[in-house]
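In: no FASTA, just this:
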Ligand SMILES: [Cu+2]
């Protein structure tokens with residue numbers, strides 16, 4: 001029979017490898033589960049306000065709120081993209097669409113607001129406490 005050979009240690013080594021395969025498969029399953037969870041959360045239009053350092057928003061298009069202005073004032077994106085507004089002012093701001101498509105609520109320095117645009121069009125918006133603070137998102 002093909003039993004293990006204690007002298008060479010051949011069989012135990014193979015078993016070790018098998019054990020690592022099992023661990024690897026477990027990790028892969030966990031990663032897949034995480035991906036599914038993350039994908040499931042990515043709905044059509046998310047409106048989340050996170051207060052705290054804006055560190056997890058890298059990558060997507062951003063509008064910075066500074067000196068009581070939106071920078072850039074006009075931002076062009078593609079359908080399906082998520083815009084994140086980041087308040088870098090020492091005063092509170094919000095993001096309110098003229099036609100009501102989104103409304104963030106006030107948030108202070110370091111706070112962020114994200115909105116996913118699923119329909120092409122031009123979205124003018126303003127800050128409810130600074131009448132001259134205006135911006136536009138063009139979704140193509
Ligand atoms: Cu403001």
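Out: Cool, got the structure. Note that the coordinates shown come from a computational prediction; the quantities given were computed from them, not determined experimentally. Residues are numbered from 1 along each chain as shown.

In: rest of the way, CA atoms for contacts and neighbours
Out: Noted.

In: where does the residue of the chain found nearest the ion land on pLDDT?
Out: Sorted by distance to the ion under CA to the ion, the residues of the chain start with residue 93, at 3.6 Å. What the model reports for residue 93 is a pLDDT of 98.

In: Bridged to it, which residues?
Out: Listed beta-bridge partners, residue 93: residue 107 (assigned using DSSP bridges).

In: The one 4 residues further on too?
Out: Listed by DSSP bridges, the beta-bridge partners for residue 97 are residue 125.

In: I'd like to know which elements the lengthiest strand in the chain is packed against.
Out: Taking DSSP state E as the criterion, the chain has its longest strand at strand 130-139. Judged by 3 or more CA pairs under 8 Å, 6 or more residues apart in numbering; DSSP states H and E, strand 130-139 is in contact with strand 70-71, strand 74-77, strand 121-127.

In: which residues of this structure score low on pLDDT?
Out: 1-58 (pLDDT under 70).

In: Could you list the domains of it?
Out: Using automatic domain parsing, the domain ranges for the chain come out as 1-41, 48-139.

In: tell me the contacts of the residue of the chain closest to the ion?
Out: 65, 87, 106-108, 127-130 (CA atoms under 8 Å, 6 or more residues apart in numbering).

In: Which parts of this structure are helices?
Out: With DSSP state H as the definition, the chain shows helices at residue ranges 10-41.

In: Can you verify my assumption that residue 95 contacts residue 123?
Out: No: using CA atoms under 8 Å as the test, residue 95 is too far from residue 123 to be in contact (11.3 Å).

In: Tell me which of these two has more neighbours.
Out: For residue 95 against residue 123, the residue with the higher neighbour count under other CA atoms under 10 Å is residue 95, and the figures read 23 against 20.

In: need the contact list for the more buried one.
Out: Shown in contact with residue 95 (CA under 8 Å, 6+ apart): 102-106, 113, 125-128.

In: could you redo the last one with a cut-off of 10 Å?
Out: Listed by CA atoms under 10 Å, 6 or more residues apart in numbering, the contact set of residue 95 reads 65, 70, 85, 102-107, 113-114, 125-128, 133-135.

In: Keep only those of the residues you listed that are also close to the ion.
Out: Filtering those for proximity to the ion by CA under 5 Å from the ion leaves residue 127.
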